[in-house]
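# from the sequence below, what's the structure:
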Amino acid sequence: MSPMRCLALALLLAAAPAFADGEGSGSATPAAPVKTAAIEPHSTQDTVGSVEAQNQAPGVDVGDVKFELHGYARMPLTTQGSREPYLVDNDYYLSGFGYTRLYEPDWSELFFSAKKGNYKAEFGLFASLYSDYSQANIANQLGIAQASLRADKFLDQDALSVQVGVFWDRYGYIEPYDTYLFGRTHQGGAKVMYKLPGGGKVQGGLGIHEANLQQNQGMTPILHVAASQPVGDVEVGAYAVRTWTSDKRQLSPIQDGTMYVAGLDAKYKLPNDLGSAYLGFGYYHMDKVLYLAPALEVMHSTGGRGLPENFLGLDNSMDGTGHMYTLATDEKIRINDQAQLRAFGMATWVRSPQVDEMDPTKNRDRRLYIKWGVEPSYLVLPRLRVAARFDRVILDEYDSQNSFRVLSPKVAFPLDNWGEIFFQYSHYWYGDRVQLRPGQVPLETRPDTDVFKLQAQVVW
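All right, here's what the predicted structure looks like:
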């Protein structure tokens, strides 16, 4: 094993004794009593504790009905200086493992809900690419993307809740990379949640994603189970997800396909409110996932082309067949009331039938992906924070030129716990094999090395 591989894996494994912060609300941990902006809406926690979080949301009472509005929006403006930047790490799905969220696109989520007694109807509206700033693109205006009804204290059982409709569950959220270790579901279906003695929780759901025949993706059911239980100062979680299709049709190339995800994570809050630590491990078994509709999203990838394109290969992976093993960690440490340090990383080991011993860019078997980063920050004033994030991304441990580094100093203006405004500059160092994706920018192959961003983001 090379020294670089040993060092990177050591950084990931160093968090093992401390366990995990898998709560995954997406909110950034504050360096001081003034909080930084959250990254995900309060209404969509990725853990099995979402019922309590939503019950605590503020609202307006009209008669015996409580109306709520909550959501999240980020508004980034990026430039290379004279044009938009050419980057390899800024496309949520196409960048794959290389995504760093340093230059994430704009995004808005609005959740409207009406609650009466123990029943709550919620509607989610999503959109990106603000059309008054750019060209209107109907594909980015997702409209009413979710609608569900939740019943608490179901059948007069205080610990039992049921949710039915179109909604998502998010398991193993890794905030520095805005991805999911065990998956985010995209489904219509039902979920049952039950509170266990001692603060534990368990939930199970079954849903489907409709077929997309234009992409040769069959109707895809999804079954998911998650549980968490405090064990002393550590909260341990377990996850199991299966998604599959058997939607064969005449004159269609769709074949049977399936995918299993299983994993464990744990979280540990450091004493004296000094931060938290997270460690999670996930295993993915894939068999012809090229024919799955996107009912499950893991590691910036879905069934269909996502997983083969980003990890397994499109040329000779037997329609997206193989295995993946992923380790993730995220440590947030408060040094004092002004200073904090965050360290994070992920490593993914891939087994795939697509083997090419002569060309490392085509080989996908026994390929090790590693990325890690650190971000120290300091609260200079109650409304002024400075930080510097360093990212190291290795897209193939055995091909040293297929990697890059990024240094990103940032000046941020926290808006209490409501949001923040920040300015960020990044400088990239690229290996010789790092190039723009084919067709990404006509007649251009090399990404930019210097990028600027001004961003506002809010959560409510």
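
# what sits against G257?
Neighbour list for G257: G218, W244, T245, D287, K288, V289, L290, Y291, L292, G303, D319, G320 [criterion: Cβ atoms under 8 Å, 6 or more residues apart in numbering]. C-beta here means a position set from N, CA and C on the backbone, and glycine is covered the same way.

# one more pass at 10 Å, please.
Shown in contact with G257 (Cβ atoms under 10 Å, 6 or more residues apart in numbering): 217-218, 220, 243-247, 286-292, 303-304, 319-321.

# select only the buried ones of those in PyMOL?
The following PyMOL line selects those of the contacts of G257 that are buried, judged by 16 or more other Cβ atoms under 10 Å:
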select buried, resi 217+218+220+243+244+245+247+286+287+288+289+290+291+292+303+304+319+320+321
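
# relative to S113, how far out is the residue of the chain most remote from its centre?
Within the chain, the residue lying farthest from the chain centre (Cα atoms, centre = their mean) is G63, at 38.4 Å. G63 sits 16 Å away from S113, going by Cβ to Cβ, to the nearest Å.

# now swap in K120 and tell me
6 Å.

# now do the helices in the stretch 201-350 of the chain.
Residue ranges of the helices in the stretch 201-350 of the chain, as given by DSSP state H, counting those that start in this stretch, are 306-307.

# pretty sure P409 sits against R385.
No: assessed by Cβ atoms under 10 Å, P409 is found out of contact with R385, at 11.8 Å.

# more neighbours, these two?
More crowded of P409 and R385, by other Cβ atoms under 10 Å: R385, with 24 against 14.

# may I ask which helix or strand encompasses that one?
When elements are assigned from DSSP states H and E, R385 belongs to strand 384-394.

# quick check, distance from that strand to the centre of its chain.
A distance of 18 Å separates the centroid of the chain from that of strand 384-394, by Cα atoms, centre = their mean, to the nearest Å.

# what pairs with that strand, parallel or antiparallel?
strand 367-381 (antiparallel), strand 403-415 (antiparallel) (DSSP bridges).

# tell me which of those lies nearest to Y325.
For the strands paired with strand 384-394, the distance to Y325 is smallest for strand 367-381, at 9.8 Å, taking Cβ to Cβ.

# let's see that closest one as CSV, backbone CA atoms only.
Provided in CSV are the C-alpha atoms of strand 367-381 (Å, rounded to 0.1, in the frame of the first residue of the first chain):
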residue,chain,number,x,y,z
ARG,A,367,-10.3,1.3,-7.8
LEU,A,368,-10.0,3.3,-4.6
TYR,A,369,-11.5,6.8,-4.3
ILE,A,370,-10.4,9.0,-1.5
LYS,A,371,-11.2,12.6,-0.5
TRP,A,372,-10.7,14.5,2.7
GLY,A,373,-10.6,18.0,4.0
VAL,A,374,-10.1,20.3,6.9
GLU,A,375,-11.7,23.7,7.7
PRO,A,376,-10.5,25.9,10.6
SER,A,377,-12.6,28.9,11.3
TYR,A,378,-12.5,31.9,13.7
LEU,A,379,-15.3,34.2,14.8
VAL,A,380,-13.6,37.6,14.6
LEU,A,381,-16.7,39.5,15.6
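
# what mean pLDDT does it have?
Mean per-residue pLDDT for strand 367-381: 97.
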